[in-house]
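> Need coordinates for the below:
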Amino acid sequence: MERPSLEINLPDTHEEGKLYVVDSLNNLNKLNVCPDESQHSLDEEENTDGTGENMAGSNTGNQCLFFIIFILTLIISLALVSFVIFLIIQTRNKMDQISSRLLSEKKSIEELKKINNIILKHLNQSGIKD
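Modelled structure (predicted):
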């Protein structure tokens, strides 16, 4: 029997390994060659996007976006609170109208009861019975 080959054909891994080694060597070279002050400038260069904006500019943009969203949220909240207050006032006005109608109806019912009692007394006095 033949021995199975221990060699695995992975062409992509070999290339990736080379890239990893080169990247590691570059990092080592930066650490050994560059003093601390220039290392910061290299780090800032790495943190830039393709547009040339560094992380500080991005943070400023994020803060501006957060501020705008915060202001919009406050405006929307104020509008909703104003609407709720308007609805409460409208509801109170409607309740006042309904209560005034109920009071007037109560007075009308009491007057009708008085008139009914007067009619019954008059009928009882005249001698007409049911």
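> neighbours around residue 30, how many?
Residues lying near residue 30 (other CB atoms under 10 Å) number 14. No exception for glycine: its C-beta is placed from N, CA and C like everyone else's.
> State the distance from it to residue 66.
Residue 30 sits at a distance of 34 Å from residue 66 (criterion: CB to CB, to the nearest Å).
> which SS class is residue 70?
What DSSP: H, G, I helix; E, B strand; the rest coil gives for residue 70 is helix.
> Number the chain from 26, please
Taking 26 as the first residue, the last one we looked at is residue 95.
> wait, what's in contact with it?
If a contact means CB atoms under 8 Å, 6 or more residues apart in numbering, then residue 95 has no contacts.
> now the helices for this structure?
Secondary structure of the chain (DSSP state H): helices located at 36-58, 61-71, 80-151.
> any chance of these in JSON lines, with mean pLDDT too?
Shown next, in JSON lines, are these (pLDDT from 0 to 100):
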{"stretch": "helix 36-58", "mean pLDDT": "66"}
{"stretch": "helix 61-71", "mean pLDDT": "53"}
{"stretch": "helix 80-151", "mean pLDDT": "92"}
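> OK, contacts around residue 50?
With CB under 8 Å, 6+ apart, residue 50 has no contacts at all.
> May I have stretch 123-131 as PDB, with CA atoms only?
The C-alpha coordinates for stretch 123-131 follow below in PDB (Å, rounded to 0.1, in the frame of the first residue of the first chain):
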ATOM      1  CA  ILE A 123     -72.400  67.700  29.100                       C
ATOM      2  CA  SER A 124     -72.700  68.500  32.800                       C
ATOM      3  CA  SER A 125     -74.500  71.800  32.000                       C
ATOM      4  CA  ARG A 126     -77.000  69.900  29.800                       C
ATOM      5  CA  LEU A 127     -77.500  67.300  32.600                       C
ATOM      6  CA  LEU A 128     -78.200  70.100  35.100                       C
ATOM      7  CA  SER A 129     -80.700  71.700  32.700                       C
ATOM      8  CA  GLU A 130     -82.400  68.300  32.100                       C
ATOM      9  CA  LYS A 131     -82.600  67.700  35.800                       C
END
